[in-house]
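# got a structure for you, letters missing:
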C-alpha cells in the first residue's frame with residue numbers, strides 16, 4: 001500500500017484554463033487552497049505559444065503541447081501527477097477524461113460532464129472499470145449552508161418535501177457578445193463545443209443538481225420551454241421547466257442568461273409539510289428557515305448549532321464571510337482526500353459530486369431539449 005501518499009502534497013495537472021479562461025484560475029485556487037495539492041503541469045491551450053505563456057504565468061514546472069502528450073509523459077514519469085483537472089470547453093471533457101483515466105489518473109472535471117448523453121454513459125462505465133476517483137465541480141453544493149439545508153431535509157425538519165422553486169439567472173448574454181469575440185461566450189453559444197443546450201447546460205445543470213442534492217429526491221418527469229431571445233444565437237439563452245419529483249412533489253426550474261440586471265442569482269426554496277428553506281448564492285452565508293405563523297430563523301455560517309456537515313465545510317470563525325473559492329475548494333477537499341485513500345488501498349468516502357451526478361445532469365439536458373423540441377410535452381428522465 002502507498003502509505004507515503006499521506007505524507008506529501010498531491011500533484012495536479014490541468015488541461016485547459018489558459019488565456020481568457022475564468023474557471024481555470026478558480027480551479028487552481030480551489031485545488032491549492034487547503035495546502036493539500038499543487039498544480040505542477042498543464043496543457044493549457046491548443047495554441048502552443050499560449051500554452052507556454054499560460055504555464056509560465058502560473059510558474060508551472062511542466063508544460064505540454066497537448067493533453068495526449070501530457071497524459072503519456074506524466075504516466076512515464078517517476079513522480080507523475082496524482083490527478084488531472086479538466087477545464088476545457090464541453091466537447092473536450094470526455095476525450096480528455098478518457099485519456100487520463102485509461103492511464104491510471106484520477107479526474108476532477110468541470111460541468112456539464114460530457115458533450116453527449118452517450119459519452120456520459122461510457123464515462124460511467126470507464127470510471128467503474130478503472131475504480132478511479134472522479135469529481136465533478138458542481139461548486140454550489142460546497143457551500144456550508146447548502147449542506148446544512150440538505151441535513152435539515154434529511155432529518156425531517158421541514159417534513160415531507162412538497163414544492164421546490166429553483167432559479168439561476170444572469171444577464172451576461174443579453175447582447176450577442178459572441179459575435180464580438182468574447183471567448184467565454186463564443187464557445188458557450190456554439191453547438192459544436194457546448195452541446196445541444198446553452199443556458200440549460202451551462203447553469204441549468206447547477207440548478208438541477210442543487211435541487212436533487214438538497215432534497216435527496218430525483219426529478220422523474222419534466223416539461224420544458226426553451227427560448228433563444230438574442231437574434232442569431234444558435235442555442236437557448238432562457239428556459240422555464242416544470243418538474244415532478246419521485247415522491248410526488250412538484251417543482252419549477254428557471255434559468256436565464258438574458259435577465260437584465262442579474263449577476264449570478266442562484267436561489268432555491270424548498271417547501272415541506274412542516275417548514276420551508278431558502279438559500280441564495282449571492283448571500284451564501286445565511287439559510288432561512290420558515291415556519292407557518294412563526295418568525296423566520298436565519299442560520300449563519302460557522303455557528304455551533306449547525307450540523308457537522310455544515311461546520312466541516314467552513315474554514316473561518318462566525319462573521320467572516322466565506323464564498324465561491326471556499327465552496328469550490330470543498331469539492332476539491334473531498335476529492336483529494338479520496339485520491340489519497342484510493343492510492344493507499346483504502347475505500348473512498350465520497351461527499352462530492354461524482355460521475356453519477358454528471359450522468360444525471362446530461363440526462364436532464366437531453367430531456368429538457370427533447371421536451372421543448374416536441375412542443376413542451378412531459379417526458380421522463382431516463383439515464384439508460
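Nice, I can see it. Keep in mind the model is a prediction, meaning the values are calculated, not measured.
# after the lowest-mean-pLDDT helix or strand in the chain comes which helix or strand?
Confidence across the helices and strands of the chain bottoms out at helix 48-57, with a mean of 93, counting by mean pLDDT, DSSP states H and E. Taking DSSP states H and E as the definition, the helix or strand that follows helix 48-57 towards the C-terminus is strand 62-63.
# Whichever helix or strand comes after that next one - what's its average pLDDT?
Per DSSP H and E, the first helix or strand lying C-terminal to strand 62-63 is helix 67-76. Averaging pLDDT along helix 67-76 gives 98.
# so how far is the helix or strand just after helix 67-76 from its chain's centroid?
If you walk from helix 67-76 toward the C-terminus, the next helix or strand you reach (DSSP H and E) is strand 83-87. Distance, stretch centre to chain centre, for strand 83-87: 13 Å (Cα atoms, centre = their mean, to the nearest Å).
# partners of strand 83-87, with directions?
Within its sheet, and counting by DSSP bridges, strand 83-87 is paired with strand 10-16 (parallel), strand 106-109 (parallel).
# so how far is the longest one from its chain's centroid?
Per Cα atoms, centre = their mean, the displacement of strand 10-16 from the mean C-alpha position of its chain is 17 Å.
# still on that earlier bit, let me have the strands paired with strand 83-87 in CSV, adding distance to residue 221 and mean neighbour count as columns.
From N, CA and C alone the C-beta is placed, and that goes for glycine too. As requested, the strands paired with strand 83-87 are arranged in CSV below (distance: least, Cβ to Cβ, whole Å; neighbours: other Cβ atoms under 10 Å):
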stretch, distance to residue 221, mean neighbour count
strand 10-16, 35, 26
strand 106-109, 28, 26
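# how about a markdown table for the ones you listed, with distance to residue 262 and mean pLDDT added?
Output for the strands paired with strand 83-87, formatted as a markdown table (distance: least, Cβ to Cβ, whole Å; pLDDT from 0 to 100):
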| stretch | distance to residue 262 | mean pLDDT |
| --- | --- | --- |
| strand 10-16 | 27 | 98 |
| strand 106-109 | 27 | 98 |
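# Can I get those in CSV including distance to residue 62?
What follows is the strands paired with strand 83-87, written out as CSV (distance: least, Cβ to Cβ, whole Å):
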stretch, distance to residue 62
strand 10-16, 8
strand 106-109, 18
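# Tell me which of the ones you listed lies nearest to residue 299.
Nearest of the strands paired with strand 83-87 to residue 299, taken as Cβ to Cβ: strand 106-109 at 29.5 Å.
# my read: residue 23 touches residue 29, true?
No. The pair residue 23 and residue 29 fails to qualify as a contact (Cβ atoms under 8 Å) at a distance of 10.6 Å.
# Beta-bridge partners for residue 136, please?
Assessed by DSSP bridges, residue 136 has beta-bridge partners residue 109.
# That one is in contact with residue 354, isn't it?
Yes. Under the criterion of Cβ under 8 Å, residue 136 is in contact with residue 354, at a separation of 6.5 Å.
# the more surrounded of the two?
Applying other Cβ atoms under 10 Å to residue 136 and residue 354 shows that residue 136 carries more neighbours, namely 27 against 22.
# Relative to residue 364, how far out is that one?
When Cβ to Cβ, to the nearest Å is the yardstick, residue 136 and residue 364 sit 13 Å from each other.
# Check residue 227 too.
Here residue 227 is placed at a distance of 18 Å from residue 364 (Cβ to Cβ).
# So the two - more neighbours on which side?
When residue 227 and residue 364 are compared on other Cβ under 10 Å, the one with more neighbours turns out to be residue 364, at 30 against 14.
# how about stretch 112-119: buried residues?
Across stretch 112-119, burial judged by 16 or more other Cβ atoms under 10 Å covers 112-117, 119.
# should've said stretch 309-329
With burial defined by 16+ other Cβ under 10 Å, the residues of stretch 309-329 counted as buried are 310-311, 313-315, 322, 324, 326-329.
# Greatest separation within these: which pair is it?
Of all the pairs that the buried residues of stretch 309-329 form, the one spanning the most space (Cβ to Cβ) is 311 and 324, at 19.5 Å.
# element containing the residue in the chain sticking out farthest from the centre?
In the chain, counting by Cα atoms, centre = their mean, residue 293 sits farthest out from the average C-alpha position, at 36.5 Å. Per DSSP H and E, residue 293 falls between elements, in no helix or strand.
# May I have the phi/psi pair for it?
Reported as degrees, to the nearest 10, the phi and psi values for residue 293 are phi 70, psi 10.
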